[in-house]
Structures are given as structure tokens and as C-alpha cells.
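Visitor: Need a 3D model of the following:
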Amino acid sequence: MTGRVASLFAALALVPSLARSEAAAVEPADQQPSASSGTNPGGVVVPPKIQERTDFQLTLTTLEALRKKGMMTEEEYNAALRDLISVGQRAATAPTFVVGRFVTTLYGYLEGDVIHDTQRVTLDSYGGHPTLILPGSQRGDTGRTVFSSRGTRLGIRFAAPEVNSIRVRANFEMDFVGNQPGNPGLGPPTQGEASFLDNPTPRIRHALLQVDNPIVTVWIGQTWNVMAFAAAYLPTSVQPQGLPGQLFGRNPQVRLSHLFDASAFSVEVAAAALRPPQFDAEVPDLQAGIKFNINGWTGVQSIGSTATTISPASIAVTGATRNIKMATSTTTNARDSVQGNVIAVDTFIPVVPAKERGGLALSLIAEGAVGTGFGDLYTGLTGGANIGRPATIAAAQVAPAVDPYTAYQDIDAENAGFNRSGKLDTIDWRNLLVGAQLSYGKVILAGNYSNVYSDNINQFVGGLIPAAASVAGVWNHQSWWNANLIVDPWPGVRLGIEFARTLQRRAAGPLANNSRVFFGSFFLF
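Guide: Next up is the predicted model:
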């Protein structure tokens, strides 16, 4: 164990010397000095006790170099790029070290942001679908400027040697957007601004084990939802993903998938059981999808804010079903249940195709979804709805009194609740998201538009509370658009600025709006 730990620290000490960008990558020499020679390309000496071990071999390299040297099969290389799709082209040249036959790739970026909103409802992350504040109020008519580095990200991908046609891979990724008690943006604040922005909490993004054989790939752990084949269709934006009108999320799950790969096209199928949307649920969330790729028709795709790659034209269909069960009595085991379902279609179309980045390229993406009881598959999509209570349970009679049904509200107010009649029902949503990206050389121009609508959310205003007392806080229609300019001025550096505009219609009629300017700087590795 001591030797293995020493091996890891020695490798990590050498990683900075290998940091490179896709624009300045240099292929390693064909002959690497052996560990026993006490030298390496970074000029750092491997500890003598590790040199003496006959089972120790340390190689500093890249995924691309391993493939060219024959130390990684084409299938293993393509699997690595698929695992690191949100890293983009730089995944091929990300710092990689080999200890024995285990391949470890480091990736991530340092981020610095300056954000201005015209109303005081969000902090650094927009959160997709916050309930905006109506004009004519102090918080609705006054802006907020935030400085943040909470989006900084670190990821590590591990690949074990193949044994009897079985390959084992793992991926760990984190950022600093973790949940913290309190919020400095509230009035009065429930947490200090310095604590929130200067000392952010780490958060797990991915913690995933994959066991792969020629028949099936088994995924166990936290990663992207199957819905919308998430990372494959992230719109181009400078601000963090989880945009308005975008299916987006990661969850703990057990997934089975397989890629049928032919020369002209490939088909990926996947099915998963995920963390259910209700904490006290017995049945997991069930998701499945199929994705069809046209391998010979490719274009430039910028995934999110930091990853630019070459992707094939594709179309995907995904769906989910989930069961929600709520108590209808506080004295017996009486309960009611409803079913949520959703289907989504996503596509990537290279209008001006490209085989590599550099020349003029134009690509389009689109996503449409319709269903009920699936608000948690977006970011922060509640529409201002309340869970309410069943008709069989009366409301608290005195204002300070504890609501007798509060202890039974074991679900977030985004999928289902009790409508005005006191009956359990699901919230309907439908969305459309379209985006375009024009790239030339080191410059990317991108724009997106989304539209979100619910035709029944005005029924979820707090159960039996009179409509006049609650509809004012519920919204049923939101439109959003943004425009982005992204440049890569130097190797490993990306700068971007975005303007975004959100319009939100309350179910009772009034219109709220917010404009956002987001400047982001990224050092990529």
C-alpha cells in the first residue's frame, strides 16, 4: 500500500509538466526513459525505493499518444472520449499518467466570473427557472453584481487493464457549487456573502463505476441522467448549464447500455433505474433512450462553456416514468398515487459540416419535451407551485399553528401536489429549446432560445387555499434567449461573454423579466 501511495504522489508531482492545450499539444517521443533510470520528461526524480520495484512503471503521456503507440486500443480510446464528452477535444491531450497498466487522466479548469442581473433573484448560478420578482418592488427593480469562482472544476478518469474482455473504468468529478446552509441573497441574508462566495462547498458531480464487456456496459454511481443523453446535447453558453427550458441533471443510478457501431452510423441504447423523485419512494425513476449517430456527417459542437469538439449528426429519443405516492390521512395509512411520464427528442445538425476545428462551421441543436410530473429533470423548475394538502385534512386554524400535513409533504414542489380540489395530481410541462453555433478559427458565436409552458400549474396553489390568496405567485409560461461570444486567445485559455433575457408570465397575468450579463474566464487543463 505504501508503495502504491508513493507511486501516485510521484505521478501527481509530474502532471504539471505535461499540461497542454489542444492547440499546442506535442506528441511524446516514441521512447520514454524507464523509471529505473531515475529521469523522466519533466525532470523530476522518481523516489529510489520506487525505482527498485520491478513491478513499477511510470509513464507520463496523453490518451492520443497511448493510442498512437498501440498501448490503448481504438475501442478503449473511443470509450475514453465518450466518457469525457463534456471535456471536448482537449480530452485527447489531457495530462495522463500510467502506473503499471492503470491509466489515469486529469482534467478540469479554473473559472472566474463576473455576473450582473437586473433584479435580485439569483446569485452566480441562474438555476434555470427561478420565480422572478414582479416590477414595482425594491428587489424587482434593483440589480445585483456578483463575482465568483465557484464553478472551478476538477475531474479524474481511471481505467483498469482489460481482463478476459472485461474493462473497468471510473470517473470522479467535483466543483465548488455544493449546497450551503443559508443564502446571502435573501433579505435579510441567512449567510454571509464572503462565506458563500469566498469559501464555497465542494460538490460531487460524477462518482461513477463502469464495467464494460462486448455485450453490455454496466454503470453504477452518480452521472448524467439518461434523459436527453444530457452531455451530448448541452447548448453553448458562457453561464453554467441547467439553462431555462433545458433537460439537465445528474443522479445516482444503475444503468445498462450498449453501442452498436458500424462504419456509416452507430446506435446507442440505454436503460436505467435512478434515484426516485420522491424521498420516501419504493419504486426508482425509470429512464430509457436510443440515440442514432451518422458518423460521416460531422460538425463543430461547443458543449456548455468549455468543451469544443467534433460531433456526428445525431437524433435521440428518451423517456421516463415515475410513481409518486402521498399520504391522504394523518391518522391512518390511507394514500393516493399518480404516475409521471415524459418523452423528449434531441438532435444535433451540422449545417456547415467540418472534420476539424478551424474553418467556418455552423451547427444547430434542438430539444423538445412533453409530459407530466417531471419538473425535477430540469433545474429549479417549480413554477412557484405548492404541494398543498388533501381534501380530507383541514388547514391549520390559527396562523402560528403547525400545519398538520407538513410532516407528510415528502416530495419537492416540482412534480406533483394536491390541486384546488384537494386531489393528488401531477404538474404538466412542455418545453422547446433551439440553439445555433457559428465557429471560425478561435472564435465562437452562439445563441439559444427556449420556451416553457404549463397548462395546469394554476391548480397547484396550496391545496384548499382560496385561489385569490395564492395564484399571484405561480407562473405558467417562460421564454428565454441568450447570445454568446467565446474566444480562445491563448493555449489553455477561454474567455466568454453572454447576454441573456428571461420573460416570465404569472398565471394571474403579470409579466416579470430579468436581463443577465455573464463574463467568464477559464484556464483549461
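Visitor: Return the distance of the helix or strand harbouring Ile310 from the chain's centre.
Guide: Per DSSP states H and E: Ile310 is located in strand 307-327. Strand 307-327 sits 12 Å away from the centroid of its parent chain (Cα atoms, centre = their mean, to the nearest Å).
Visitor: what about it, average pLDDT?
Guide: Mean per-residue pLDDT for strand 307-327: 96.
Visitor: ok, now stretch 220-239?
Guide: Stretch 220-239 comes out at a mean pLDDT of 95.
Visitor: do stretch 157-168 as well
Guide: Per-residue scores along stretch 157-168 average to 93.
Visitor: now stretch 187-196
Guide: 83.
Visitor: Now do the helices in the chain.
Guide: Using DSSP state H, the helices of the chain run over residues 2-14, 48-51, 63-69, 74-83, 193-198.
Visitor: Out of those helices, which gets the lowest mean score?
Guide: Mean pLDDT across the helices of the chain is lowest at helix 2-14; the value there is a mean of 47.
Visitor: what does stretch 515-523 contact?
Guide: Where contact means Cβ atoms under 8 Å, 6 or more residues apart in numbering, the residues beyond stretch 515-523 that reach it are 109-118, 122, 126, 151, 238-239, 305-306, 492-502. In short, each C-beta sits where N, CA and C put it, glycine included.
Visitor: of those, buried ones?
Guide: Neighbour-count burial (16 or more other Cβ atoms under 10 Å) is assigned, among the contacts of stretch 515-523, to 109, 111, 113, 115, 117-118, 122, 126, 151, 238-239, 305-306, 492, 494, 496-498, 500, 502.
Visitor: Give me the subset of those lying in strands.
Guide: Filtering these for membership in strands, criterion DSSP state E, returns Tyr109, Glu111, Asp113, Ile115, Asp117, Arg494, Gly496, Ile497, Glu498, Ala500, Thr502.
Visitor: quick one: stretch 164-175 to chain centroid distance?
Guide: On Cα atoms, centre = their mean, the centre of stretch 164-175 falls 18 Å from the chain's centre.
Visitor: Could you report the separation of the residue lying closest to Pro284 once chain neighbours are set aside from Ser148?
Guide: Spatial nearest neighbour of Pro284, chain neighbours left out: Ala273 (4.1 Å); criterion: Cβ to Cβ, 6 or more residues apart in numbering. From Ala273 over to Ser148 the distance is 35 Å, taken as Cβ to Cβ, to the nearest Å.
Visitor: again with Pro161
Guide: 41 Å.
Visitor: cool, Val211 as well?
Guide: Distance from Val211 to Ser148, by Cβ to Cβ: 38 Å.
Visitor: Which one's more surrounded, the two?
Guide: Ser148 (21 against 15; other Cβ atoms under 10 Å).
Visitor: Kindly provide the distance from that one to Leu197.
Guide: Ser148 is 5 Å from Leu197, by Cβ to Cβ.
Visitor: what do you get for Val168?
Guide: Where Leu197 is concerned, Val168 sits at a distance of 39 Å (Cβ to Cβ).
Visitor: again with Thr223
Guide: For Thr223, the distance to Leu197 - Cβ to Cβ - is 28 Å.
Visitor: For those two, indicate the residue with more neighbours.
Guide: Thr223 (25 against 16).
Visitor: Identify the residue nearest the more buried one in space, chain neighbours excluded?
Guide: Leu208 (4.5 Å).
Visitor: can you list residues touching both of Ser148 and Leu197?
Guide: Leu123, Asp124.
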